[in-house]
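*Asks:* Sequence unavailable; structure follows:
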């Protein structure tokens, strides 16, 4: 037994002293944060599973509930906007059009909304164990992506049923748009989850903002209607500077086969690329802000 | 044994800000003067500690002295205001049971999640899973959602996971008190094994006996500062003395608040121990000799219906012998002014070691008026034929 004790001491003597808790510093901290998160990927995986398992636990339908909301929304928009207000007349395959936009929007909405509450919801853990706290908003991103994948399968099935299967080069828009959504969603989730610890009002503000921004993207109305209504190119530029709008348009480029003849903003691919680049910088800044704010999490919760 | 420091704490201070205003309106109104509505509270002040590999350290102190805060800074959960905490090796913290247990998941799922939080890979958890479940002793419920567990089951599972993660440093905060006795004993045995394996354990406890039993070193914290640091016996003595000072202050405040309660003003003004052949200092007696405990009591107001309790305790404060004037069938006459008493113990059958005399002044209803935990000390010498606090002649024969 004494040998083990000595071996342990010897092994420990070789290890360098490290600081308890996160490393500060702007650039050095980034590298360290990324390394910490990568080291915790198994935990991240388990946390995502936990999110998914516990969300609809004890309900009979389980996961099916995660599909009910977008399907109900689809029904509302299809009937109310499509048929009664007549949007379906000017937009071909209105159901697929709406569902495409909803799929993209639901992903972003879920990441930001659930992500904002993720640190507070896991306060029990944060107060008791040191972990890179980024894993909590990230686990929300993971579970949102899982739900997104299910919705995507339904969307593809719908395109098969409608005989409008997206094929070929149009798929290039999809990964780019998805990346834009995930990067911006994660950035906001991280920043807002940290701010929410100090100011719980953020949670409610976010809900309202998301409700407003839903209508700022061409989800239930088409880009053609927007470009007809807006004459001022400056206003149009403002409208198109919303990364979520670009991502929704990108999704429609991929999945809305019936809309091929409809107008598209010029250089959508380039715009998406720029949005992605900006998004990565924003994500980095948000992570740094998160790192700064997280040092007092345990005592503020 | 080499001495490798595993934890080095330098100039550690932690400030909490207590904000008095609550609502947003109040905050806005007081924005310019917000400093008036803030109060600094230093939970830790200039703490310097170095903990070597393989030691078991007990952190003790009164409530609110910063023990848990110190443990949390070591665990990286709270960031220090100034100073630094450096450490090496894998750290597992048992700060609160069930941290990381999700009520909606089953015991099995929680074991994996919790092990992962404590830094164990999935393969390793697979390997240890059966051992963890067996240690916890809740095989039957492992596939039940944790929200249906009793608090004891929670503790069992959490502790089982924590001891299987192969930590180099284990932080334990007052968690062992929850399990039933067999399980507690199992935990303590495991802690002993850990000590043998050269792991470092930092224990926060109010169970001073537990600290005395397990720790190589005790650190007494008071108002965020290190009040004593050293062998458990010495550190605990400091702590017990401090507790007594605090209690006296309480009593004095009480007496000041209600002057008619004059009994509170009665107190011991002197206590000493004499043996037959010693004068002053700390007497050393041989087994079987006589000791005399002399006490002087002073009461400013008339003290009626009272008694004196005298006890002998180990240096750690475990009482070995207690007698009272009531038990001895003596009615003490009402007292005003100063009076001396002696208690003679003609044959001291104690094992060799140091002992403390504790005395208590009680009123008729049994309430403590004045308690002196260590009034005087003495040592006992024996021929060395036995160990322990009690001396008995022993005769061994072969038949």
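*Replies:* Looks like it arrived, so ask away. Here the structure is a predicted model, which means the values were calculated and not measured. Residues are numbered from 1 along each chain as shown, chains lettered A, B, ... in the order given.
*Asks:* give me the number of residues near the nearest residue to residue B:274 once chain neighbours are set aside?
*Replies:* Distances taken as Cβ to Cβ, 6 or more residues apart in numbering or on different chains place residue B:292 nearest to residue B:274, at 4.7 Å, with adjacent residues excluded. Bear in mind the C-beta positions are built from the backbone N, C-alpha and C, glycine included. Other residues lying near residue B:292 total 15 when counted by other Cβ atoms under 10 Å in any protein chain shown.
*Asks:* doesn't residue B:273 make contact with residue B:292?
*Replies:* Yes. With contact defined as Cβ atoms under 8 Å, residue B:292 counts as touching residue B:273 (7.3 Å).
*Asks:* ok, back up a step: got a list of what the residue nearest to residue B:274 touches?
*Replies:* Shown in contact with residue B:292 (Cβ atoms under 8 Å, 6 or more residues apart in numbering or on different chains): B:273-275, B:342-345.
*Asks:* Among the residues you listed, which one lies nearest to chain A?
*Replies:* Of all the contacts of residue B:292, residue B:273 has the smallest distance to chain A: 42.2 Å, by Cβ to the nearest Cβ.
*Asks:* dump the residue contacts of that closest one.
*Replies:* Residue B:273 sits next to B:283, B:291-294, B:357, B:376-378 when contact means Cβ under 8 Å, 6+ apart.
*Asks:* Up against chain B, what does the stretch 151-300 of chain A have?
*Replies:* Proximity of the stretch 151-300 of chain A to chain B is confined to A:295-296, A:298-299 under the rule Cβ under 8 Å from any Cβ of the partner chain.
*Asks:* Highest neighbour count among those?
*Replies:* For those, the largest number of neighbours (other Cβ under 10 Å) sits with residue A:298, at 24 neighbours.
*Asks:* Tell me which helix or strand it sits in.
*Replies:* Per DSSP states H and E, residue A:298 falls inside helix A:297-300.
*Asks:* Quick one: list the elements packing against that helix.
*Replies:* If contacts are counted by 3 or more Cβ pairs under 8 Å, 6 or more residues apart in numbering or on different chains; DSSP states H and E, helix A:297-300 sits against helix A:173-198.
*Asks:* list the buried ones in the helix it packs on?
*Replies:* A:173-174, A:176-197 (16 or more other Cβ atoms under 10 Å in any protein chain shown).
*Asks:* same question, stretch B:117-130
*Replies:* Buried residues in stretch B:117-130, counting neighbours by 16+ other Cβ under 10 Å, are found at B:117-120, B:125, B:128-129.
*Asks:* give the contact list for residue A:92.
*Replies:* Residue A:92 sits next to A:258-259, A:262 when contact means Cβ under 8 Å, 6+ apart.
*Asks:* still on that earlier bit, what about whichever strand or helix holds the residue nearest to residue B:274, average pLDDT?
*Replies:* Assigned by DSSP H and E, residue B:292 belongs to strand B:291-303. Mean pLDDT, computed over strand B:291-303, is 88.
*Asks:* Neighbouring strands - and their directions - for it?
*Replies:* If you go by DSSP bridges, strand B:291-303 pairs up with strand B:267-275 (antiparallel), strand B:335-345 (antiparallel).
*Asks:* The shortest one: how far from the chain's middle?
*Replies:* The gap between the average C-alpha position of strand B:267-275 and the chain average comes to 27 Å, counting by Cα atoms, centre = their mean, to the nearest Å.
*Asks:* Can you mark which positions in it are buried?
*Replies:* B:267-268, B:271-275.
*Asks:* do stretch B:209-227 as well
*Replies:* Residues of stretch B:209-227 classed as buried: B:210-212, B:214-215, B:217-222, B:224-227 (neighbour count, 16+ other Cβ under 10 Å).
*Asks:* first vs last residue of that stretch, how far apart are they?
*Replies:* For stretch B:209-227, the separation between the terminal residues is 19 Å (Cα to Cα, to the nearest Å).
*Asks:* Quick one: find the helix or strand in chain B with the lowest mean pLDDT.
*Replies:* helix B:24-29 (a mean of 64; mean pLDDT, DSSP states H and E).
*Asks:* what's downstream of that one, the next helix or strand?
*Replies:* Downstream of helix B:24-29, the first helix or strand assigned by DSSP H and E is strand B:38-52.
*Asks:* same for that following strand, what does it pack against?
*Replies:* In terms of contacts (3+ Cβ pairs under 8 Å, 6+ apart), strand B:38-52 is packed against strand B:5-19, helix B:67-74, strand B:200-204, strand B:225-230.
*Asks:* Make TSV out of the ones you listed and add mean pLDDT and distance to residue A:136.
*Replies:* Putting the helices and strands packed on strand B:38-52 into TSV (pLDDT from 0 to 100; distance: least, Cβ to Cβ, whole Å) gives the following:
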stretch	mean pLDDT	distance to residue A:136
strand B:5-19	83	24
helix B:67-74	86	18
strand B:200-204	87	27
strand B:225-230	85	35
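*Asks:* Which members of the buried residues of stretch B:209-227 occur in strands, if any?
*Replies:* B:217-222, B:225-227 (DSSP state E).
*Asks:* List just the nearest of those residues to chain A.
*Replies:* The closest of these to chain A turns out to be residue B:217 (Cβ to the nearest Cβ; 16.3 Å).
*Asks:* rewinding a little: okay, who's weakest in the contacts of residue B:292 by pLDDT?
*Replies:* Minimum pLDDT for the contacts of residue B:292 is recorded at residue B:275 (82).
*Asks:* what sits opposite it in the beta ladder?
*Replies:* With DSSP bridges applied, residue B:275 shows beta-bridge pairing to residue B:291.
*Asks:* That one contacts residue B:288, correct?
*Replies:* No. Using Cβ under 8 Å, residue B:275 is not in contact with residue B:288; the gap is 11.5 Å.
*Asks:* Who are the packing partners of the helix or strand bottoming out on mean pLDDT in chain A?
*Replies:* Sorted by mean pLDDT, DSSP H and E, the helices and strands of chain A end with helix A:2-14, the least confident at a mean of 70. Judged by 3+ Cβ pairs under 8 Å, 6+ apart, the packing partners of helix A:2-14 are helix B:181-196.
*Asks:* Surely residue A:284 is in a helix?
*Replies:* Yes. Assigned with DSSP: H, G, I helix; E, B strand; the rest coil, residue A:284 falls within a helix.
*Asks:* Give me the nearest residue to it, chain neighbours excluded.
*Replies:* residue A:30 (6.8 Å).
*Asks:* what mean pLDDT would you report for the helix or strand hosting that neighbour?
*Replies:* According to DSSP H and E, residue A:30 maps onto helix A:27-39. For helix A:27-39, mean pLDDT is 78.
*Asks:* mind showing which ranges of the chain have poor pLDDT?
*Replies:* Assuming you mean chain A. Segments of chain A classed as low confidence (criterion: pLDDT under 70) are A:1-3, A:5, A:20-28.
*Asks:* Hmm, no, I was thinking of chain B.
*Replies:* B:1-2, B:19-38, B:96-100, B:175-178, B:251, B:254-264, B:277-281.
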